[in-house]
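**Q** Test case, fold it:
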Amino acid sequence: MASKLLLITVFILDLMAFGLAIAAERRRSTAKIVNDPDMDYNYCFYDSDIATGYGVGAFLFLAASQVLIMTASRCFCCGKTLNPGGSRACAVILFMICWLTFLVAELCLFAGSIRNAYHTRYRTFYGDHPPSCQTLRKGVFASGAAFILFTGIVSEFYYISYSKAKGGYGSYVGEAMG
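**A** Purely as a prediction, here's the structure:
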């Protein structure tokens, strides 16, 4: 039987990961070129780096959610075989989609966190070209958030389908008339 407590816990973890990914997108580092008149050079000044922490937090919450679902379903490959039927076929398809969306979301969050933490460290003297103050592109954390949402939905449906195929959630066994 599908555990409602597990489904609620996974939903809350996915919701927290989604919120942190959106917060990371909104708080990405920005940079501006600053002139230092005493030393006669330009350098890049970066503002807050909180988005990296938000991205890592979203990464960890999503990973915890995936671990819970896969542990509860024994990662679909361990344990007794599932009952044949539509629920098993649906569980197999949702299992693959769940892992695909999970990996894409984790890659977006990981790459976004690393790239957001990277700050160029060089400077230029007056008369040279201004320094390149590279920052994270818009949408990296937002795409991670979108895939977190997809992963959350698909993993919940996967677990329900897995439980149905296992003979639990929602199945009704009536009494024999006779």
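**Q** remind me, longest helix of this protein?
**A** Using DSSP state H, we find that the single longest helix of the chain is helix 86-117.
**Q** show me where pLDDT drops low in this structure?
**A** 1-2, 37, 39-40, 76, 79, 119-132, 134-136, 168-178 (pLDDT under 70).
**Q** what about the helices in it?
**A** Going by DSSP H, the chain shows helices at 4-26, 50-72, 86-117, 140-166.
**Q** mind putting those in TSV, mean neighbour count and distance to residue 38 included?
**A** (Each C-beta comes from the backbone N, C-alpha and C, glycine too.) Shown next, in TSV, are those (neighbours: other C-beta atoms under 10 Å; distance: least, C-beta to C-beta, whole Å):
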stretch	mean neighbour count	distance to residue 38
helix 4-26	19	35
helix 50-72	20	30
helix 86-117	19	29
helix 140-166	23	37
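**Q** Ok, which of the ones you listed comes nearest residue 41?
**A** Proximity to residue 41, assessed across the helices of the chain by C-beta to C-beta, is greatest for helix 86-117 (23.9 Å).
**Q** Point out the other helices and strands that that closest one packs with.
**A** helix 4-26, helix 50-72, helix 140-166 (3 or more C-beta pairs under 8 Å, 6 or more residues apart in numbering; DSSP states H and E).
**Q** can you tell me which of those helices comes nearest to residue 87?
**A** That would be helix 140-166 among the helices and strands packed on helix 86-117, by C-beta to C-beta, at 3.9 Å.
**Q** Distance from the chain centre to that closest one, please.
**A** 10 Å (C-alpha atoms, centre = their mean, to the nearest Å).
**Q** This completes my enquiry, with thanks.
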